[in-house]
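Novice: okay, predicted coordinates and the sequence, questions at the end:
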Amino acid sequence: MKKLIPIFLVILTTVTNAQNAIPKSATDIAPLLIGEKIPDITLKTAENTVVKISDLLKKKKTILVFYRGGWCPYCNMHLQALADAEKEILDLGYQIIAVSPDAPENLKITAEKDQIKYTLLSDSNGEFIKAVGIAFTAPENYKSVINVHSNGVNMSLLPVPSVFVVNPEGDILFEYISPDFKHRITTELLVSVLKTFK
């Protein structure tokens, strides 16, 4: 029996480490699923104020967007498209919250450049993207860019671009996750999805 305890501990440690390991590529992620809850993580606003994601989600139904950073042209196009559709999304009773590894001061630059009125949040340490299951190890050629834009907080993590539709209780109603960062959900499709939840 004594020999079995160390073996059990080795297996338990191996399983735990495997669960905590960051996937090596965007196609290896294991995101939260529809019906699961968004974890309650603390993030920072563009003004460097600390906020709990649950406090923001409970205000109304939410389009929760994860993007790679203001340095990514595909992310900027997606953020602009959401800004263009924001009135229609608001009219359907939703708010938009977009999260990236960018430091708070870089969120301000993105908001001004893309003329964004909705909420941008900083997840520089990557805790939120890890908890949601969409974090992966960035390719070498991205690491310096991530490091600079997170002000040295994030050295190697990227989120897979994702959109979650979440109710005020934090339950995931819909998700669109694209390991190919060049492809994003269109605002037309997103609005159509939102209309099905009315």
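Specialist: It's in. Numbering: from 1, shown residues only.
Novice: and the residue nearest the centre of the chain, how close does it get to Ser150?
Specialist: What sits nearest the mean C-alpha location of the chain, by Cα atoms, centre = their mean, is Phe66, with 3.1 Å. From Phe66 across to Ser150, the span is 14 Å (Cβ to Cβ, to the nearest Å). For the C-beta atoms, the positions are set from N, CA and C on the backbone; glycine is no exception.
Novice: ok, Ile41 next?
Specialist: In terms of Cβ to Cβ, Ile41 sits 16 Å off from Ser150.
Novice: comparing these two, which residue is more hemmed in?
Specialist: Between Ile41 and Ser150, counted using other Cβ atoms under 10 Å, Ser150 has the larger neighbour count: 22 against 19.
Novice: what's the closest non-adjacent residue to the more buried one?
Specialist: Ser124 (4.3 Å; Cβ to Cβ, 6 or more residues apart in numbering).
Novice: mind listing what that neighbour touches?
Specialist: 44, 101-103, 150-151, 153-154 (Cβ atoms under 8 Å, 6 or more residues apart in numbering).
Novice: I'd like to know how far it sits from Asp91.
Specialist: 33 Å.
Novice: touching, Val50 and Thr42? I think so.
Specialist: Yes - the criterion here is Cβ atoms under 8 Å, and Val50 meets it with Thr42 at 5.6 Å.
Novice: below-threshold pLDDT in the chain: ranges please.
Specialist: Within the chain, the stretches with pLDDT under 70 are 1-20.
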